[in-house]
Each structure stands twice: as structure tokens, then as C-alpha cells.
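Asker: Any chance you can model this:
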Amino acid sequence: MMTVRTPTTKPDFRIRIDDLSGPEIALLLEEHLADMNATSPPESKHALDLDGLKQSDVTFWTLWATDNEGRGECLAGCSALKRLTAEHGEIKSMRTAAAFRRQGVAQHLLQHLLDQAKDQQLNRLSLETGSMDYFTAARALYSRFGFEVCLPFGDYIEDPNSVFMTRLV
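Answerer: Numbering: from 1, shown residues only. Sure thing, here's the model as predicted:
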């Protein structure tokens, strides 16, 4: 197993488009869905499964960490961008692997999604996240990146268990 972080080493991060075929991503998404099932009632769970993430309107990225000595690569996180319209995209499946929390993975992924949205000429990027305490850190991250609370978008409806956020790209 790779050493993730010691006082003298920090991992290098690489983001790449992923076809969702690897066992590592299947495990990370299973963990993601299990947490969503544990924290959100079924009618308020909007996380996409593997089949949902493989749809043609979704691009999925994984972030891999490599230590400075080149001893290996570990899956550190994932995110997806779902195109809602020609000008509007939705962030889906933001997840940081437990071993990489508080190491900047989510910030790297979110900045990548913003850059991709701009490259794809999207004007707006939106997301749905939970309203429960479990999602406090995620909401704070999105706020730091300029996302603001908004009304439901796309096919969403008002839900006390959801917080909808958006920003211009």
C-alpha cells in the first residue's frame, strides 16, 4: 500500500477521464452510494449508479494520487459533469476516498469541473447536495468556489433534504 502523506512527501494528483471499468472506481462508488443510502431517505437520494454515470450526457473523471517517489498510484477521488442543456451542467458524484480526505482532492476535482464547464462553453454549473449535517463540509466547499443556494433545477423538485446550488461559469 502506498504512503499517502508523511511530513516529507505529498502525493501528486492526476485527473483523467474514466470509463468506470476498474474495480477501484466500482468500490469508491459503492462506498459513495452506501453513504448516501445511510444519510438520505430514498426519495431524496439523487446519486447516480454506474449505469447512470455511463450515459452519453455524463463525463466522469477520476483523480489519482502518485507519491513523489513514484511508488504507485491510488484512486483518491472522482467527479462527473452531466450536461443538462447546451448551456447548463450539473456536478454529480463528487467523492473523496477516505484515505485522502483533507488533502485537497475535492478542491482539485471541483476546479477541474469548473475548467471543463468553461471549455465546454457552459454558462452555468449547478448541483444538488444534502441538507443534513453530513454534507456541511461539501456545502462549505461549494460556497468557497462561488456556488450559491438556488431553487431546484432540471428535474428536481423542492425537498427539505436537499440543497440546490449554482454559479455562473
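Asker: mind showing which ranges of this protein have poor pLDDT?
Answerer: Across the chain, residues meeting the criterion (pLDDT under 70) sit at 1-10, 67-71.
Asker: need the longest strand for this protein.
Answerer: If you go by DSSP state E, the chain has its longest strand at strand 73-83.
Asker: Now do the buried residues in that one.
Answerer: Under the neighbour-count criterion of 16 or more other CB atoms under 10 Å, strand 73-83 has 74, 75, 76, 77, 78, 79, 80, 81, 82, 83 buried. For every residue, glycine as well, the C-beta is placed using N, CA and C.
Asker: Going by distance to residue 56, which of those wins?
Answerer: The closest of the buried residues of strand 73-83 to residue 56 turns out to be residue 83 (CB to CB; 9.1 Å).
Asker: Now the closest one. Nearest residue, chain neighbours left out?
Answerer: residue 57 (4.8 Å; CB to CB, 6 or more residues apart in numbering).
Asker: what sits against the one you found?
Answerer: Residues near residue 57 by CB atoms under 8 Å, 6 or more residues apart in numbering: 82, 83, 84.
Asker: likewise residue 17?
Answerer: Counting by CB under 8 Å, 6+ apart, residue 17 makes contact with 59, 60, 61.
Asker: is it true that residue 47 touches residue 91?
Answerer: No - the pair residue 47 / residue 91 is not scored as a contact, 11.7 Å apart, by CB atoms under 8 Å.
Asker: okay, these two: which has more neighbours?
Answerer: In this view residue 47 and residue 91 are compared by other CB atoms under 10 Å, and residue 91 has more residues nearby, 22 against 18.
Asker: Let's see the helix or strand harbouring the more buried one as PDB, backbone CA atoms only.
Answerer: Using DSSP states H and E, residue 91 maps to strand 88-96. This file holds the C-alpha atoms of strand 88-96, laid out as PDB (Å, rounded to 0.1, in the frame of the first residue of the first chain):
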ATOM      1  CA  HIS A  88     -26.200  24.300 -18.200                       C
ATOM      2  CA  GLY A  89     -24.300  21.400 -16.500                       C
ATOM      3  CA  GLU A  90     -24.700  19.600 -13.200                       C
ATOM      4  CA  ILE A  91     -22.000  18.300 -10.900                       C
ATOM      5  CA  LYS A  92     -22.500  14.600 -10.000                       C
ATOM      6  CA  SER A  93     -20.700  12.000  -7.900                       C
ATOM      7  CA  MET A  94     -18.200  14.200  -6.100                       C
ATOM      8  CA  ARG A  95     -16.300  11.800  -3.800                       C
ATOM      9  CA  THR A  96     -13.000  11.700  -2.000                       C
END
